[in-house]
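Participant: everything below, folded, please.
(chains A, B, C and D)
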Number of protein chains: 2
Amino acid sequence: MVGRQFSNLSASIVATLKERIIHWQYPPEHRLTEAELCQKFGVSRSPVREALRTLATDGFLKKMPNRGYAVKQYNLREIEELYEVRLALELFVVECLAKRGTAKMDDIDALKQTWTCLLNGSSKKDEELARLDTLFHETLAQAAGNKSLLRQLRAINERLLLFRMIDFGKAHRAESTCHQHLEILKRIAAKDISGARKAMQRNIDEGRKNVHAAIKDALARAYSF
Amino acid sequence: MVGRQFSNLSASIVATLKERIIHWQYPPEHRLTEAELCQKFGVSRSPVREALRTLATDGFLKKMPNRGYAVKQYNLREIEELYEVRLALELFVVECLAKRGTAKMDDIDALKQTWTCLLNGSSKKDEELARLDTLFHETLAQAAGNKSLLRQLRAINERLLLFRMIDFGKAHRAESTCHQHLEILKRIAAKDISGARKAMQRNIDEGRKNVHAAIKDALARAYSF
DNA sequence: GTACTCTAGATTGTATACAATCTTCCTCGT
DNA sequence: ACGAGGAAGATTGTATACAATCTAGAGTAC
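Facilitator: Purely as a prediction, here's the structure:
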């Protein structure tokens, strides 16, 4: 939270808690009550209530009637579902882009450059790589020009970040991701719709498979408190 | 709001306002302030605040900093975007169903029966038809077994209801909708993936086109106060 | 030992009061 | 006539108090 300022306490609390949840600083199913957070943040219940409500609708917390909120523990099935929604949206995105052809190609050229560099040695840290990967997919969505779709994709990616960060801990992932991303860009430029879709599907499916394993690691780690 | 009970005032206010907005009982861009709603509903600011916030994140209201909230007026582009997201999600749904084949076919058989009946004369009122159409698409999504996707689709459809109700005012739409829906079901049953996708695309595209015209009607009507 | 009841605490839902900020419009000076 | 400045009102953000409901655990009867 260094540097960033928020207009109200509620937004600040949302950002702080989201950050903590994404970095696994709470055990799964950890309970959060209004009173407790009021104390810790030194504010009244009003902003805390708003923050909890927001986090629940965003899928980071779940509400337990009369028992407060708890950090939502996604199970394998739910994560698969999120990946499926992502797949549905992103297949549509690459189809749009491949159809359209040359419009807005400057963004896409920039992506090509970034990921070519990444392939040629310039290694990055895990978290940075996860960030660039997210940026890749969101840039494509942005180029497709549908703000509503972009917003939904961002919401999903934010939730999946919890697991993707673990995924990118594996070094070998970096190289294959580069190849996959460049393949997607190539197919789009060539207006090869079905090829672009298949390339995107491969990319997302590999992520999904790796996350499968990563989740087990993560859960093991999380429960080892 | 007859019959339905809500656990808290906030939920009740959300439902009431949503209903009113969907039925065009507010002029576009109509402003809603906390104080005003407190008076009208006879409650305090706390539940009203929560309700307004919820409606804003659901896309029914937009927040204007320091100037309260206003009924969101969607422009053509934004509606197109919502239709695109719907298309992306629903193409994925029919692809899943067509791949899977026979599982969960009881739901789909029920749909086939409903829409065959509708084709053979049993005419319905506009609002009922819009409801059945929504149900058709949501049943397919449910059959695909992805709760997250279903939730997103519902959120989108709820917003589009504002325009779809006008669309279904046209009588000729009913018959062609029946044919399209039955075609989709047939292709799914035949495991014809690309055929099912195309049929779904035709169905959604026709809706989109009609809504284009409907919006102009709606806006003309709404602004004629 | 088990099941039932009742109470104390926990927790949220709602109302209200106060503070801070922004908007708007009026006034005053040029 | 026109723009700057300021004051009153509108509006939200935050804190706090009270009410209602649910949970959980202790104690008791059998």
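Participant: endpoints of stretch A:117-135, how far apart?
Facilitator: This stretch, stretch A:117-135, spans 15 Å end to end (Cα to Cα, to the nearest Å).
Participant: for the record, mean pLDDT for it?
Facilitator: For stretch A:117-135, mean pLDDT rounds to 76.
Participant: what does chain A have sitting close to chain B?
Facilitator: Proximity of chain A to chain B, by Cβ under 8 Å from any Cβ of the partner chain, involves residues A:50, A:53-54, A:57, A:78, A:81-82, A:84-85, A:87-89, A:91-93, A:146-149, A:152. Heads up, the C-betas are built off the backbone N, CA and C, glycines and all.
Participant: of these, which ones also sit close to DNA strand C?
Facilitator: For DNA strand C, no contacts are drawn from the residues of chain A next to chain B by Cβ under 7 Å from any atom of the strand.
Participant: now the buried members of these.
Facilitator: A:50, A:53-54, A:78, A:81-82, A:84-85, A:87-89, A:91-93, A:146, A:148-149, A:152 (16 or more other Cβ atoms under 10 Å in any protein chain shown).
Participant: in helices only, show me these.
Facilitator: Secondary structure from DSSP state H places A:50, A:53-54, A:78, A:81-82, A:84-85, A:87-89, A:91-93, A:148-149, A:152 of these in helices.
Participant: any idea which residue is closest to the centre of chain A?
Facilitator: Nearest residue to the geometric centre of chain A (Cα atoms, centre = their mean): residue A:157, 2.3 Å.
Participant: which non-adjacent residue is nearest it?
Facilitator: Spatial nearest neighbour of residue A:157, chain neighbours left out: residue A:134 (5.4 Å); criterion: Cβ to Cβ, 6 or more residues apart in numbering or on different chains.
Participant: and the one you found, what element?
Facilitator: Using DSSP states H and E, residue A:134 maps to helix A:126-144.
Participant: buried residues in that helix, which are they?
Facilitator: By 16+ other Cβ under 10 Å, the buried positions in helix A:126-144 come out as A:126, A:129-134, A:136-137, A:139-144.
Participant: got the angle for the helix or strand bottoming out on mean pLDDT in chain A vs helix A:126-144?
Facilitator: None of the helices or strands of chain A scores lower by mean pLDDT, DSSP states H and E than helix A:105-119, at a mean of 77. Going by axes from the mean of the first three to the mean of the last three Cα atoms, to 10 degrees, helix A:105-119 is angled at 160 degrees with respect to helix A:126-144.
Participant: and helix A:105-119, what does it pack onto?
Facilitator: helix A:126-144, helix A:171-189 (3 or more Cβ pairs under 8 Å, 6 or more residues apart in numbering or on different chains; DSSP states H and E).
Participant: in a markdown table, list the ones you listed along with distance to DNA strand D.
Facilitator: Shown next, in a markdown table, are the helices and strands packed on helix A:105-119 (distance: least, Cβ to the nearest atom of the strand, whole Å):
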| stretch | distance to DNA strand D |
| --- | --- |
| helix A:126-144 | 27 |
| helix A:171-189 | 40 |
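Participant: kindly present those as a markdown table, with separate columns for distance to residue B:177.
Facilitator: Below are these laid out as a markdown table (distance: least, Cβ to Cβ, whole Å):
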| stretch | distance to residue B:177 |
| --- | --- |
| helix A:126-144 | 28 |
| helix A:171-189 | 34 |
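Participant: verify the contact between residue A:149 and residue B:83 for me.
Facilitator: No: judged on Cβ atoms under 8 Å, residue A:149 makes no contact with residue B:83 at a distance of 10.9 Å.
Participant: buried residues, the longest helix belonging to chain A. List them.
Facilitator: In chain A, assigned by DSSP H, the helix with the most residues is helix A:193-223. Buried positions in helix A:193-223, judged by neighbour count with 16+ other Cβ under 10 Å: A:193, A:195-200, A:203-204, A:207-208, A:210-211, A:214-215, A:218, A:222.
Participant: no more questions from me, cheers.
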